[in-house]
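J.: Return a 3D structure for these sequence lines:
(3 chains)
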Amino acid sequence: MKQGDPIERRATGIRLMSEIIDRQPPANPTLLEETIRDFGFAEIWSRPGLDRRSRRWIALSGCAATGMTEPLEEYVHGALKSGDITLEELREGVLHFAVYSGWSLGRHFDRIVTRVADRLGLSMQSPPLCAGSWDPQERWEIGTANYDSVMTFPPPPAPSSFVDGGIKNFVFGEMWKRPGLDQRSRRWITLSCVGACDAPYPIATHVYAALNAGDATYEEMDEFVLQFAYELGWPKGSVMQAALEAMWTRVQNGEFWM
Amino acid sequence: MKQGDPIERRATGIRLMSEIIDRQPPANPTLLEETIRDFGFAEIWSRPGLDRRSRRWIALSGCAATGMTEPLEEYVHGALKSGDITLEELREGVLHFAVYSGWSLGRHFDRIVTRVADRLGLSMQSPPLCAGSWDPQERWEIGTANYDSVMTFPPPPAPSSFVDGGIKNFVFGEMWKRPGLDQRSRRWITLSCVGACDAPYPIATHVYAALNAGDATYEEMDEFVLQFAYELGWPKGSVMQAALEAMWTRVQNGEFWM
Amino acid sequence: MKQGDPIERRATGIRLMSEIIDRQPPANPTLLEETIRDFGFAEIWSRPGLDRRSRRWIALSGCAATGMTEPLEEYVHGALKSGDITLEELREGVLHFAVYSGWSLGRHFDRIVTRVADRLGLSMQSPPLCAGSWDPQERWEIGTANYDSVMTFPPPPAPSSFVDGGIKNFVFGEMWKRPGLDQRSRRWITLSCVGACDAPYPIATHVYAALNAGDATYEEMDEFVLQFAYELGWPKGSVMQAALEAMWTRVQNGEFWM
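T.: I've put the predicted structure just below:
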């Protein structure tokens, strides 16, 4: 978009709103609604440097983390209507989101997906929950190996209910490697969720892992921070930007995240 | 539960859902609903190491901190219906929650308690608010002493509106020592609330105080982290797990929290 | 208020509720509703040391950050009905809030303002969004200069999408210097939002900037922490109190915030 032209900026905003959420802007917008159209859609969603499907996962996860209803319904509608994300992928994304943001917010997201899918006439059969082994020892070993593969460093050695009963048993033992959703999409969901809850250690490790595993380039992560900041507010964006700079230096130098 | 058997896992989930929230799982569950039944209820709520009443306080507080409605209504219904928590205790718990999560979220919780209590035909008279002295100086001294007793270290010496007008005057001067709810339950509410809002200093001090005062053992706190992570997401769980390990070392060594 | 008298405390609470939210307390209050009246309104809102308009911005922003509906509607109603904040100012405040808390929560706030304004028969024309230049280079320079003026230190030199496409382009290039709302009010909104999301770097910098720019005295900031803690919970209050003490020392010593 050529800056320097408010008329063109507005036109871009209207076009992007249609593409992203399949909606016309309100006729008599409030100041905030004007800004969403002329800044959010025209100047953020229109940027190059990150594909639209990735931006959709960031927007969906960031919005779902606030617990709000109306904007999430619009994002879900746009994602499914455009075909950028299938219903099967979105259900996997909701599960991934729920693990990183808690089950209450996850259920809210899930309900909205059901409502929008019904409206669009989409339906699906849930795939089986556990794709891996049921032997406890084998399951623990799979979880440990998956953690290493996703995070690019080994899990904490000290035993705890949190790590053994949660992280290894389910988060990495069952969820991260489920076939219905690609690892890159899972990265955007995870990054948005850890950023939304401002947890310093998970922000650092997941930014590091996304870069170190090669699921996102530095340039894409740089765009991620802006899209994320737009959805969740600039303070959380600042924290993410600082983490990106610190972790990128470590990855480039071949250093451990800590 | 014997792992290695998805049929048995599902059966455990169904039984636990009935015991905890007095509800049958949906007939055609989404992937998330399956997970709540087969992981959340079957593998988290069924664990030994922490009594059910404590798990209920963690779930109630964590869920209320998200501001969601439906899952909180289920937890409130289950807590009151089972008799694990009385209406009198729950009203005290809501006040305690509101202090640690803010009044807006507290009012949401309070409204849901009213709605469920009405449906169950429960009612009560509110006890008087201030149980202690009305003399300002005496009140300040009571708040100071209560802080020391609850936190296991003295309050900050520097005067401020926050400490004098809030912490000493009300939080410790009126609330923490109210007779309607035991101190152990207050710990779970507090720990869940400070963890939900990711505030580093309060997380450290309240984990330290819970262990140092003997209101919870290390093993119980270890289980708390998993239940909390399930409710609020694994990133906040990681932060809590790190705090637990750091503070437990300090308590064992007889060191101050800082 | 003379302490030592529960009858007088209650009367003060009833009077303040009427002044602040134009509402009578419920006839058969729950324990929490009693506390809101007898502690929140009687002992927090009645305090000297910070003007009521400032307290309103803190309450509005803090409450909006929780995503709750009913208490926010009451605060919006009270602010507009009393005339302490005009509809024009409130729309600017909502935009400012949305930037610091994300667009989903901002839209929720905006909808509530619309609903309350309609009920009160208030209406307005939205002012134009961009008050400044449309030349990209000039815009970048304006954003850079405005950042320096608001934050009292220069923006980060390293280029990034976040800083160039977001912070300089819009947050400081368009928003902070919009004429419809004074800078002091913008401070309270910003401080409440950064505190609500517990982002350490933004909390430190904005506390520093508010003091260093002279938009608020130390004594007013001390009162801000208590009002903020009441709205968002004491853990976030503790974090803010620690930031205030650390930053006040730096400002007094003429040191940089870091």
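
J.: Show me the shaky parts of chain A.
T.: Low-confidence segments of chain A, defined by pLDDT under 70: A:1-4, A:131-132.

J.: domain ranges for it?
T.: For chain A, the domain assignment from automatic domain parsing gives the residue ranges A:47-123+A:178-252, A:136-175.

J.: do the longest one and chain B meet?
T.: Yes - among the residues of domain A:47-123+A:178-252, A:67, A:91-92, A:94-95, A:98-108, A:110-111, A:113-114, A:193-194, A:197-203 lie within reach of chain B under CB under 8 Å from any CB of the partner chain. In this view, the C-beta of every residue, glycine as well, is placed from N, C-alpha and C.

J.: Please name the residues that touch residue A:100.
T.: Counting by CB atoms under 8 Å, 6 or more residues apart in numbering or on different chains, residue A:100 touches A:189, A:190, A:193, A:194, B:233, B:234, B:235.

J.: and with 6 Å instead?
T.: A:190, A:193, B:233 (CB atoms under 6 Å, 6 or more residues apart in numbering or on different chains).

J.: Let's see which of the residues you listed end up in helices.
T.: Residues of these located in helices (DSSP state H): A:190, A:193.

J.: one step back: just say which of the domains of chain A is most tucked in.
T.: When you average the neighbours per residue for each of those (mean count of other CB atoms under 10 Å in any protein chain shown), domain A:47-123+A:178-252 leads with a mean of 22.

J.: Let's see which of the residues of domain A:47-123+A:178-252 next to chain B end up in helices.
T.: Cross-referencing the residues of domain A:47-123+A:178-252 next to chain B against helices under DSSP H gives A:91-92, A:94-95, A:98-101, A:103-108, A:110-111, A:113-114, A:193-194, A:200-203.

J.: what's the spacing between the residue nearest the centre of chain A and residue A:204?
T.: Taking CA atoms, centre = their mean, the centroid of chain A lies closest to residue A:189, which sits 2.2 Å from it. In this structure, residue A:189 and residue A:204 are separated by 18 Å, where distance is defined by CB to CB, to the nearest Å.

J.: try residue A:104
T.: 26 Å.

J.: With residue A:233 instead?
T.: Looking at residue A:233 against residue A:204, where the rule is CB to CB, the gap reads 20 Å.

J.: Next: residue A:117.
T.: Between residue A:117 and residue A:204 the distance is 36 Å, computed by CB to CB.

J.: do the same with residue A:247
T.: 6 Å.

J.: and if you look at residue A:10?
T.: Distance, residue A:10 to residue A:204, by CB to CB: 40 Å.

J.: Could you do residue A:23 as well?
T.: For residue A:23 relative to residue A:204 (CB to CB), the value is 37 Å.

J.: Tell me if stretch A:136-156 is near chain B.
T.: Yes - shown here: stretch A:136-156 in contact with chain B (CB under 6 Å from any CB of the partner chain) through residue A:136.

J.: what about dumping the CA coordinates of that stretch to CSV?
T.: Taking Å, rounded to 0.1, in the frame of the first residue of the first chain, the C-alpha atoms of stretch A:136-156 are listed here in CSV:
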residue,chain,number,x,y,z
PRO,A,136,3.1,-46.3,30.4
GLN,A,137,6.9,-46.7,30.0
GLU,A,138,6.8,-46.6,26.2
ARG,A,139,4.5,-43.6,26.4
TRP,A,140,6.9,-41.8,28.8
GLU,A,141,9.8,-42.5,26.4
ILE,A,142,7.8,-41.2,23.4
GLY,A,143,6.9,-38.1,25.3
THR,A,144,10.6,-37.6,26.2
ALA,A,145,11.7,-38.0,22.6
ASN,A,146,9.0,-35.8,21.2
TYR,A,147,9.9,-33.1,23.7
ASP,A,148,13.4,-33.1,22.5
SER,A,149,12.4,-33.0,18.8
VAL,A,150,9.9,-30.1,19.3
MET,A,151,11.9,-28.1,21.8
THR,A,152,15.3,-28.9,20.4
PHE,A,153,16.6,-29.6,23.9
PRO,A,154,15.9,-32.3,26.4
PRO,A,155,13.1,-32.1,29.0
PRO,A,156,13.9,-31.3,32.7
